[in-house]
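K.L.:
I would like the atomic coordinates for the input below:
(chains A and B)
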Number of protein chains: 2
Amino acid sequence: MSLTTPLTAAGFPPTVGGMERRRVVIVGGGFGGLACARALARADVEVILVDRRNHHLFQPLLYQVATAGLNPSDIAYPIRSVLRKQSNARVVLGEVVAIDPAARSVTLADGEVLAGDTLVVAAGARHAYFGNDQWETHAPGLKSVEDALEIRRRILLAFELAERSDDPDEIARLLTFVVVGAGPTGVEMAGAISEIALTTLRRDFRGIDPSTTRVVLVEGSDRVLGTFSPSLSDRAQAQLEGLGVEVRLGSIVTEVDDRGVSIGDERIPAGTVVWGAGVAASPLGDMLGAPLDRSGRVLVESDLSVPGHPDVFVIGDLAAVPLGDGFVPGVSPAAIQGGEHVASIVSSGRRGPFRYKDKGSMATIGRRAAVAELGRLKLSGVPAWVAWWAVHIAFLIGFRSRALVMFSWGWSYLTFQRGARLITRAWRPGGTSG
Amino acid sequence: MSLTTPLTAAGFPPTVGGMERRRVVIVGGGFGGLACARALARADVEVILVDRRNHHLFQPLLYQVATAGLNPSDIAYPIRSVLRKQSNARVVLGEVVAIDPAARSVTLADGEVLAGDTLVVAAGARHAYFGNDQWETHAPGLKSVEDALEIRRRILLAFELAERSDDPDEIARLLTFVVVGAGPTGVEMAGAISEIALTTLRRDFRGIDPSTTRVVLVEGSDRVLGTFSPSLSDRAQAQLEGLGVEVRLGSIVTEVDDRGVSIGDERIPAGTVVWGAGVAASPLGDMLGAPLDRSGRVLVESDLSVPGHPDVFVIGDLAAVPLGDGFVPGVSPAAIQGGEHVASIVSSGRRGPFRYKDKGSMATIGRRAAVAELGRLKLSGVPAWVAWWAVHIAFLIGFRSRALVMFSWGWSYLTFQRGARLITRAWRPGGTSG
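P.N.:
Alright, predicted model coming up:
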């Protein structure tokens, strides 16, 4: 099937009423793509949302899955269910392998072509290894449910292997966890791992003392949470250190292997390394014939369209949208606002520049420890944690998830338990633990 | 390391008080092994429980994970947590690869040897493919969390692929689900798949109608639930048929491949096949030098010890314990009672024959559909379903699981939703869906 083949009728019955409605094809069911689809619910268009996964993921809580606090289905929801009642929307499970911006069409891996009057590309980004992609095996990033389950497996297995060992050096290595990158994900991971060791697992082992766990947070710049105010960075660092996390600023990782990491000449033997640094935009951005920034993000027009293709839009983490001296940050509110902006252009036919409305930033560090910056209001500690908790619960899509998450967390809070502490995949000795 | 190497001190500090306590090594953290360990909590022995997984699994509810009703962590619990407060118990994550009944020792895959004064083998069983092990790829059984997640993935993916197809035959094939074996697992799977199609997914798709789903339950004998009274088998079959399940009795599967199954000359094209037939005991049973039955179960003495090795016991699904004309059934109450029986021998030093106390049998078919046989009391429909529900909730280990499961089910019941509908592992076109 070539790119010029028109959309087949495969699974797509003709439009009711005989009128040809305009079609909007959206690539990606993350915050941006889903917000765009939902904002088009009342528009007289046909929406096709294609994603290679069947679920929308509430990424801000993914670290909770990686640290056994939540189940995957607490924070992931079938896209099909989210759009169930939206009769003008169809969901296609498929992987986009090519994009033709002139034809406003995408080609799926099985050869099917989906063409639209409008094309919205919301394919997101991953973490970047800065030319050292071989590190990914040893230091997975945290972007998908699979990533989170793999990291959970490694963290829990490290304690199990330490319990089995009688070599003090090896026990110390296994109980060392290195988190690279002190953005929100890194800070949350470091805090949560430290908490697991100090509370949840405290009494589970006989041969090791989990409270001897060492958590090292490595950051290349001179402060944690670089997108926050310096005063909040300081407070976040103090809260991390209160949880026993070693914060290493101005430190560049120069090597990662299955035994640990190197920071220049210093070697940190570690059993588990988690990567939370850098941004690498989806390779789909490169197929739009538009200029990219250093991270591979598409430099879009002020209305989020691709230069030269007014009906092709890029939103979310894949878009580089100028704002002041820099760019709109790669956060979920920006993706949602971008999706709604494009939907409004499609519905109204009127174009205007995208204006990002900063609703503030938050990062959680542990139980009753967080920082939040809401306009000029700066919070840390318990008030920030309460605010963080309330906002994230409220944002979760679907009441079921919301209630279950609240219940799950309420229970964890009371008991220090983490319910999702499963090592799935049979454990094989000799298999890599790192 | 040889089998005669004594237990090393690896991770095992010396016994407090200087007195050498007797050591009980238990292989397997299922119902039998865990019950044995817990029943030894007050005994003056050291308990070592070894399992190749870190979690105990509440297998009777595993079909709920396979059908997206529950999360894995709702029914699986870290063994380490279950035994946290039992100070005389240690948990070892490791795979037993050899057993020396004379030395009462087991060898782990990494070479470590665990020797005890008493050895309890509770390694369980899987489903049997009757010499056709190559069918397992196309028709997975349901024994582990991984099995359940794989079956869930296949069921959900079948609907997604059907939605993508424009070939009526292929859609019909993808929407055909064959369950082999009409024991409790097969009956529960068939009922749950039918319910998902009729209720949960009913409005999620645009190109297909999930209510056209065909669920075929294939059974070699002349009735479903062969261990129940014939009158309850009839009622169970009627309830299954009420849910739209095709029950095929006296039917032997002669071929399974990636396009469906054959029953003699009849071909049933199917997208998903689930295997719930037969019993194949753990291969560890073969290392005890004792006679085995046809399924590979160890023919034990009346006190559950291995002939010739009075301090080596076999309990649970791996044991063949004569009872009347047959054997004690392979159900969780029998495993628990066996574990407690062995613990009582170890604690008291007094041996007596194991007496299985039949507490009744239950199988669920769907919402408000079940059968239960409690002594002479026979229930079906709503009363049986309520009884099934109450017993299974009460049995779940750990309050957290109990409360969450109740909540999860309460919510599912009200909304017909199933919360765990995730296809994890990225979907790859051309990858096998069967």
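
K.L.:
any idea how far the residue in the stretch 201-350 of chain A that chain B sits nearest to is from B:Asn88?
P.N.:
The stretch 201-350 of chain A approaches chain B most closely through A:Gly207 (3.1 Å), counting by C-beta to the nearest C-beta. In short, each C-beta sits where N, CA and C put it, glycine included. Separation of A:Gly207 from B:Asn88 (C-beta to C-beta, to the nearest Å): 15 Å.

K.L.:
returning to that earlier point: give me the neighbour count for the residue of the stretch 201-350 of chain A closest to chain B.
P.N.:
Close neighbours of A:Gly207, defined as other C-beta atoms under 10 Å in any protein chain shown, add up to 17.

K.L.:
What of A:Gly191?
P.N.:
Neighbourhood size, A:Gly191 [other C-beta under 10 Å]: 29.

K.L.:
so it touches A:Val371, yeah?
P.N.:
No: A:Gly191 is not in contact with A:Val371 according to C-beta atoms under 8 Å; the separation is 11.2 Å.

K.L.:
list residues touching both of those two?
P.N.:
Counting by C-beta atoms under 8 Å, 6 or more residues apart in numbering or on different chains, the contacts common to A:Gly191 and A:Val371 are A:Gln239, A:Ile365.

K.L.:
what stretches of chain A score poorly on pLDDT?
P.N.:
Low-confidence segments of chain A, defined by pLDDT under 70: A:1-19, A:394-434.

K.L.:
Domain-wise, how is it divided?
P.N.:
A:22-52+A:94-127+A:279-348, A:133-277+A:367-415 (automatic domain parsing).

K.L.:
among those domains, which is nearest B:Leu174?
P.N.:
domain A:22-52+A:94-127+A:279-348 (14.3 Å; C-beta to C-beta).

K.L.:
That closest one: end-to-end distance?
P.N.:
Start and end residues of domain A:22-52+A:94-127+A:279-348 are separated by 13 Å (C-alpha to C-alpha, to the nearest Å).

K.L.:
now stretch A:74-87
P.N.:
Length of stretch A:74-87, first residue to last, C-alpha to C-alpha: 26 Å.

K.L.:
Show me what counts as buried in it.
P.N.:
Neighbour-count burial for stretch A:74-87, with 16 or more other C-beta atoms under 10 Å in any protein chain shown as criterion, is recorded at A:Asp74, A:Ile75, A:Ala76, A:Tyr77, A:Pro78, A:Ile79, A:Arg80, A:Ser81, A:Val82, A:Leu83, A:Arg84, A:Gln86.

K.L.:
which ones among those are found in helices?
P.N.:
Here DSSP state H is the test, and those give A:Asp74, A:Ile75, A:Ile79, A:Arg80, A:Ser81, A:Val82 as lying in helices.

K.L.:
where along chain A do the helices fall?
P.N.:
Using DSSP H, helices in chain A cover A:31-39, A:62-66, A:72-75, A:79-82, A:145-164, A:168-174, A:184-195, A:230-242, A:332-348, A:382-395, A:399-415.

K.L.:
Tabulate these (JSON lines), appending distance to chain B.
P.N.:
JSON lines is the format used below for the helices of chain A (distance: least, C-beta to the nearest C-beta, whole Å):
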{"stretch": "helix A:31-39", "distance to chain B": "13"}
{"stretch": "helix A:62-66", "distance to chain B": "10"}
{"stretch": "helix A:72-75", "distance to chain B": "4"}
{"stretch": "helix A:79-82", "distance to chain B": "4"}
{"stretch": "helix A:145-164", "distance to chain B": "4"}
{"stretch": "helix A:168-174", "distance to chain B": "9"}
{"stretch": "helix A:184-195", "distance to chain B": "16"}
{"stretch": "helix A:230-242", "distance to chain B": "26"}
{"stretch": "helix A:332-348", "distance to chain B": "20"}
{"stretch": "helix A:382-395", "distance to chain B": "16"}
{"stretch": "helix A:399-415", "distance to chain B": "5"}
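
K.L.:
Check the gap between the residue nearest to A:Gly250 when sequence neighbours are not counted and A:Ser233 for me.
P.N.:
Leaving aside its chain neighbours, A:Gly250 sits nearest to A:Asp222 (5.6 Å; criterion: C-beta to C-beta, 6 or more residues apart in numbering or on different chains). Distance, A:Asp222 to A:Ser233, using C-beta to C-beta: 9 Å.
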